[in-house]
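In: turn this into a structure:
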Amino acid sequence: MGTAVLTERFAETSPRLRMKRFMIATLFGLLAGVLCATAGIYGGFLKFTAVNVAWVLLNRAVMGFAIGISGLKLHWAWNGVVMGLVVGSIFSYFLFMNLGLGTLPLTNLLIGNPIFGFLIEFFTTKVFKQPALAAAR
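Out: Numbering: from 1, shown residues only. Here you go, the predicted structure:
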């Protein structure tokens, strides 16, 4: 029954609005990746290599894409936080594997990812007025 309701709500949203939402969210994910990579490199946390920069950009762009297509029935802010935690956990694992056990991977997991997820969702939903695909309960 839950799938039918989600499918029904998704069908009510025009394809143009769905496309616009996920494109805006992906673009802001990419912008978040630029900010994250710049802060990591200038902060001395990441080495400036093509692999590191590409991985950060890719992770944040995928986070934006996931936020854009998310069908979770959560308030917009919680949707951004949850999707930031879930998708960003891959980046935190990358940091853990490359930097070892330290405060950076854990801080990124619990603070950085939810903040970037929230900001991507905020700019997509509130600033650019692209509603989520599923209505919050």
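In: from now on I want contacts and neighbour counts done on CA atoms only, so please keep to that.
Out: Noted.
In: quick one: mean pLDDT over stretch 70-89.
Out: Mean pLDDT, computed over stretch 70-89, is 93.
In: please apply the same query to stretch 111-126.
Out: 95.
In: got the contact list for it?
Out: 21, 24-25, 28-29, 32, 63-64, 67-68, 76-85, 88-89, 130-132 (Cα atoms under 8 Å, 6 or more residues apart in numbering).
In: 6 Å instead?
Out: The contact list for stretch 111-126 (Cα atoms under 6 Å, 6 or more residues apart in numbering) reads 25, 28, 77, 80, 81, 84, 85, 88, 130, 131.
In: over to stretch 30-41?
Out: Residues outside stretch 30-41 that contact it (Cα under 6 Å, 6+ apart): 46, 56, 57, 60, 61.
In: hang on, the earlier thing: now, which of the contacts of stretch 111-126 sits nearest residue 51?
Out: residue 88 (17.0 Å; Cα to Cα).
In: now the closest one, nearest residue through space, not along the chain?
Out: residue 113 (5.3 Å; Cα to Cα, 6 or more residues apart in numbering).
In: okay, and that neighbour sits in which element?
Out: helix 113-122 (DSSP states H and E).
In: now do that helix: distance to the chain's middle.
Out: Helix 113-122 sits 6 Å away from the centroid of its parent chain (Cα atoms, centre = their mean, to the nearest Å).
In: buried ones in it?
Out: By neighbour count on 16 or more other Cα atoms under 10 Å, the buried set for helix 113-122 is 113, 114, 115, 116, 117, 118, 119, 120, 121, 122.
In: ok, so of the residues you listed, who is nearest residue 106?
Out: Distances from residue 106 to the buried residues of helix 113-122, taken by Cα to Cα, are shortest for residue 113, at 10.2 Å.
In: the longest helix anywhere in the chain to helix 113-122, inter-axis angle?
Out: Ordering each helix of the chain by length in residues (DSSP state H) puts helix 15-42 first. Calculated by axes from the mean of the first three to the mean of the last three Cα atoms, to 10 degrees, helix 15-42 forms an angle of 140 degrees with helix 113-122.
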